[in-house]
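Enquirer: coordinates only, sequence not included:
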């Protein structure tokens with residue numbers, strides 16, 4: 001490991017800034033690679049989404065960086081939301097979030113009938129959700145605070161997010 005000479009606070013600030021820049025660049029590159037592998041392994045999933053934010057109020061406790069849960073949207077749900085497909089008469093899916101997104105942890109059933117997901121896909125979603133959750137400090141450096149991230153096999157998008165409190 002190369003030893004870096006830091007003699008002043010300005011040197012330390014420059015070192016911190018360079019570290020953050022490298023984490024952002026390499027982190028986004030590695031994240032895209034992880035997403036690519038995930039979407040190749042789960043072709044029925046169109047996209048995943050999560051919010052990361054610092055709440056403005058936390059009932060007297062310190063307001064700290066928070067990761068929302070990872071949610072998913074299937075290819076079929078995306079087509080219905082984009083009005084490319086009419087729901088089937090037996091499609092009684094109730095979305096837990098806007099735009100057809102559902103929780104990776106709380107499925108509407110245990111056998112996959114309503115969610116349309118196999119046990120294998122559910123397990124992959126849970127494993128991927130844990131990876132994202134465990135990466136919170138890196139994701140904060142990559143995307144910042146008060147953003148909603150939507151990732152598909154082709155892109156990662158970031159938009160402003162307000163947690164409402």
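Expert: Nice, thanks for sending it over. Note that the structure is a prediction, hence the values are computed from the model and not measured.
Enquirer: which strands and helices sit next to the lengthiest helix in the chain?
Expert: Criterion DSSP state H: the longest helix present in the chain is helix 9-41. In terms of contacts (3 or more C-beta pairs under 8 Å, 6 or more residues apart in numbering; DSSP states H and E), helix 9-41 is packed against strand 45-53, helix 119-134, helix 136-143, strand 147-152, strand 156-160. Every residue, glycine included, has its C-beta placed from N, CA and C.
Enquirer: Turn the ones you listed into CSV, including mean neighbour count, distance to residue 75 and mean pLDDT.
Expert: Below are those laid out as CSV (neighbours: other C-beta atoms under 10 Å; distance: least, C-beta to C-beta, whole Å; pLDDT from 0 to 100):
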stretch, mean neighbour count, distance to residue 75, mean pLDDT
strand 45-53, 22, 5, 94
helix 119-134, 16, 12, 90
helix 136-143, 17, 25, 92
strand 147-152, 19, 10, 95
strand 156-160, 12, 18, 94
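Enquirer: With distance to residue 31 added, can I get these in JSON lines?
Expert: Listed next are these as JSON lines, based on distance: least, C-beta to C-beta, whole Å:
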{"stretch": "strand 45-53", "distance to residue 31": "11"}
{"stretch": "helix 119-134", "distance to residue 31": "9"}
{"stretch": "helix 136-143", "distance to residue 31": "7"}
{"stretch": "strand 147-152", "distance to residue 31": "8"}
{"stretch": "strand 156-160", "distance to residue 31": "7"}
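Enquirer: closest one to residue 15 among the ones you listed?
Expert: helix 136-143 (14.6 Å; C-beta to C-beta).
Enquirer: Closest to the centroid, which residue in this protein?
Expert: Nearest to the mean C-alpha position of the chain, by C-alpha atoms, centre = their mean, lies residue 50 at 3.9 Å.
Enquirer: was I right about that residue contacting residue 149?
Expert: Yes. Counting by C-beta atoms under 8 Å, residue 50 touches residue 149, with 5.7 Å between them.
Enquirer: who does the helix or strand bottoming out on mean pLDDT in the chain pair up with?
Expert: The helix or strand with the lowest mean pLDDT-type score in the chain, counting by mean pLDDT, DSSP states H and E, is strand 102-103 (a mean of 78). With DSSP bridges as the test, strand 102-103 is paired with strand 71-74 (antiparallel).
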